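**Q** Here is my input; please provide its structure:
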Amino acid sequence: MQKIHRIYHYNPRDVITASRNPRISAIHMWPAKKHCVFDGWVLRFLNPYTYRCNCIYPLKKGILKTYAKIQKCALLYQKKGYEFQFQIMPDDRKLDILLQASGYQKTNQTRWMAIKLGTLPDHKKQANNCLITLSKDWLNDRHEIANYSQPEADIYAAFYRAINVQTYPMVLSIDQCPVSCGLGIQVNKYLGIFDVRTKAEFQRQGFASILIHEICKHAALNRAIHAQLHVAQENHAAIQLYNQLGFQTICNYWFRKK
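**A** Below is the predicted model:
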C-alpha cells in the first residue's frame, strides 16, 4: 500500500506550481475540476465531457510498466463513467505504438504554436464601426457567434465556469452586433489563446487578427511574456493566419481514444 500511495495521489498543487513549464501551463489553462498525478502522468477529470479536460497527459516516465499503467488509468475513468483520451507528443513514440496496439485510435491532430509577445507585429486594420470589449456576457456572445447546439453550449458553460485564473473574454462587435470572439487565459507569464470564432459572413476580413492583438495587449499589460495556442491541423486558414502574425510551430501532436 505504501508503494501505491507514493505513485498515486491527488494534488492539484503539483500542476499549479509547475506552471512555469510551457506544457504544464497549457494543461492548466484548460481547466478541470480534479487533477490526479499518477506515476509521472497527469490525469484530469471534468463532467460533462470535454476531451482536453478528461485527458491523460504523459509528462514523465514513472516506475510502473507502461501497459499496466494504461490499464490502471483507464480503470479510474471507467469507475466515474467518463470518456477519456491520451495526449501524445512526438517524443511519446513507444507509448503511441502501445496504445495503437491496444485499440486506441488517433484523433484530434493538433498544431501547438507560440510567440513572444514583444515580437507580435502591430495591427493597423480596423473597421470604423468596430468595437472590441471585454465581454461581461461571454457565454451568450459566444453562443450567438458560434451558433452551437444547446448541449454543446451547456458543456462549454461548465468548462468556462471552472476557470479560476485570469481571463480575457474578448468580443468584437459591428454596429453593436457581436461578430467575432476569442478567449485569453493567462497562467503566470504564459497566455493561452482559445476559441477564436467569427460569424461565417464576416470571415476572412481580418477580425480574428484584431481580436488576437487585443487579447495579447491585455495580457502583456498583466506581465504576460509568451502566447501559445492550439489549432486543428486541418484548419489551414487559421494556421496561415497565425503564421502571418508570427506564431511559430512548437510541434504537432494528437490524441488516442478507445
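**Q** quick one: contacts for R197?
**A** 142, 145-146, 180-182 (Cβ atoms under 8 Å, 6 or more residues apart in numbering). Where C-beta positions appear, they are placed from N, C-alpha and C, glycine not excepted.
**Q** switch the cut-off to 7 Å
**A** Contacts here follow Cβ atoms under 7 Å, 6 or more residues apart in numbering; on that basis R197 touches 142, 145-146, 180-181.
**Q** Give me the subset of the residues you listed lying in helices.
**A** Counting by DSSP state H, the part of those found in helices is 142, 145-146.
**Q** between these, which has the most around it?
**A** R142 (24 neighbours; other Cβ atoms under 10 Å).
**Q** quick one: the closest residue to that one other than its chain neighbours and R93, what's the gap?
**A** Once flanking residues are discounted, R142 sits nearest to C181: 5.3 Å by Cβ to Cβ, 6 or more residues apart in numbering. Distance of C181 to R93, given as Cβ to Cβ, to the nearest Å: 37 Å.
**Q** Between those two, which has more neighbouring residues?
**A** C181 (26 against 10).
**Q** Tell me what that one is bridged to.
**A** Per DSSP bridges, the residues bridged to C181 are V171, R197.
**Q** residues contacting it?
**A** Listed by Cβ under 7 Å, 6+ apart, the contact partners of C181 are 141-142, 145, 170-171, 197.
**Q** Pull the number of nearby residues for A224.
**A** 23.
**Q** Once you drop chain neighbours, what's closest to it?
**A** A224 sits nearest to L191 (Cβ to Cβ, 6+ apart), 4.3 Å away.
**Q** go on, L46?
**A** C53 (3.5 Å).
**Q** The one you found: what secondary structure?
**A** Recorded secondary structure, C53: coil (DSSP: H, G, I helix; E, B strand; the rest coil).
**Q** List phi and psi for it.
**A** Phi and psi for C53, reported as degrees, to the nearest 10, are phi -90, psi -40.
**Q** what's the answer for E152, then?
**A** When quoted as degrees, to the nearest 10, the phi and psi of E152 stand at phi -60, psi -40.
**Q** about what we covered before: I'd like to know how many residues surround the residue nearest to L46.
**A** Burial of C53 is recorded as 23 neighbouring residues (other Cβ under 10 Å).
**Q** And for K61?
**A** Residues near K61, counting by other Cβ under 10 Å: 12.
**Q** Assign it to helix, strand or coil.
**A** coil.
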